[in-house]
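Novice: below are the sequence and a predicted model; questions follow.
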Amino acid sequence: MNTFLIIVGVLVLLFLLTAGWVMGVYNRLVTLRNRFENAFAQIDVQLKRRHDLIPNLVNIAKGFMEHEKSTLEAVVNARNQAVSATSAAAKNPGDADAINTLAGAESNLNGALGRLLMIAEDYPDLKSNENMLVLQEELTSTENKVAFARQGYNDAVTIYNTAREVFPASMIAGTFGFQNAQLYEVQDASHREAPEVSF
């Protein structure tokens with residue numbers, strides 16, 4: 001009888017240790033997933049700020065750039081697509097398609113902004129406008145914050161993906177549906193830099 005109790009005790013102990021290990025791995029993966037989701041929320045905040053600045057920039061430029069209607073419309077359309085992509089990605093920051101769509105939309109917006117700012121160089125009154133100078137400062141600051149937030153997000157995603165992929169945690173991750181998270185990378189190499197905002 002004593003041997004039976006010892007075997008049962010060992011089995012119960014092994015079960016408890018295994019269950020504790022599974023819970024520990026599961027909780028670590030949940031914590032890391034929450035960190036990268038929070039990191040994306042920081043990107044979302046900065047992108048919303050950026051998207052809110054763009055209509056002001058367009059409105060100021062509109063008064064000076066009457067002959068550049070197509071450029072202004074391209075910026076507004078690119079901004080609207082970026083807002084939509086940001087909203088979709090915010091709902092599920094782990095979704096690779098949503099993150100890739102966002103990266104593409106932001107890349108297009110950077111391109112449209114770059115063209116607008118390049119054309120704005122030809123308008124001396126616009127370059128010296130006080131409101132435009134303030135927007136320039138805010139947009140530059142926001143671009144830097146977006147870059148830092150994206151770096152934080154990518155760091156959190158890398159840590160999560162690594163924890164999810166290493167053995168034996170990969171067995172737990174697969175069992176409980178922890179999916180690979182997508183890095184937020186700039187898709188077009190020409191848009192890796194923030195648009196130059198200088199007047």
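Specialist: Yep, that arrived. Numbers count the residues shown, from 1 in each chain.
Novice: and the lowest-mean-pLDDT helix or strand in the chain, what does it pack against?
Specialist: Here the helix or strand of the chain ranked lowest by mean pLDDT, DSSP states H and E is helix 124-127, holding a mean of 76. Helix 124-127 is packed against helix 2-64, with contacts defined by 3 or more C-beta pairs under 8 Å, 6 or more residues apart in numbering; DSSP states H and E. Just so you know, the C-beta spots here come from the backbone N, C-alpha and C atoms, and that holds for glycine as well.
Novice: packing partners for the helix it packs on?
Specialist: Secondary-structure packing of helix 2-64 (3+ C-beta pairs under 8 Å, 6+ apart): helix 69-91, helix 96-120, helix 124-127, helix 130-165, helix 169-175.
Novice: for the last one, give me every contacting residue.
Specialist: With C-beta atoms under 8 Å, 6 or more residues apart in numbering as the test, helix 169-175 has contacts from 22, 25, 26, 28, 29, 163, 164, 165, 178.
Novice: returning to what we had before: alpha carbons of the least confident helix or strand of the chain, as PDB, please.
Specialist: The C-alpha trace of helix 124-127 is given here as PDB (Å, rounded to 0.1, in the frame of the first residue of the first chain):
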ATOM      1  CA  PRO A 124       7.500  81.700 -50.600                       C
ATOM      2  CA  ASP A 125       4.500  83.100 -48.900                       C
ATOM      3  CA  LEU A 126       3.500  79.600 -47.700                       C
ATOM      4  CA  LYS A 127       7.100  78.900 -46.500                       C
END
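Novice: neighbours of the residue nearest to residue 41 when sequence neighbours are not counted, how many?
Specialist: In space, and not counting its chain neighbours, residue 41 is closest to residue 90: 7.3 Å by C-beta to C-beta, 6 or more residues apart in numbering. Look at residue 90: counted by other C-beta atoms under 10 Å, it has 18 neighbours.
Novice: same question for the one 3 residues further on.
Specialist: For residue 93, the number of neighbouring residues by other C-beta under 10 Å comes to 24.
Novice: find the nearest non-adjacent residue to it, please.
Specialist: Nearest residue to residue 93 in three dimensions, chain neighbours excluded: residue 40, at 3.5 Å (C-beta to C-beta, 6+ apart).
Novice: likewise for residue 154?
Specialist: Distance criterion C-beta to C-beta, 6+ apart; nearest residue to residue 154, sequence neighbours excluded, is residue 183 at 5.0 Å.
Novice: just among the contacts of helix 169-175, which is most surrounded?
Specialist: Neighbour counts for these peak at residue 178, which has 23 neighbours (criterion: other C-beta under 10 Å).
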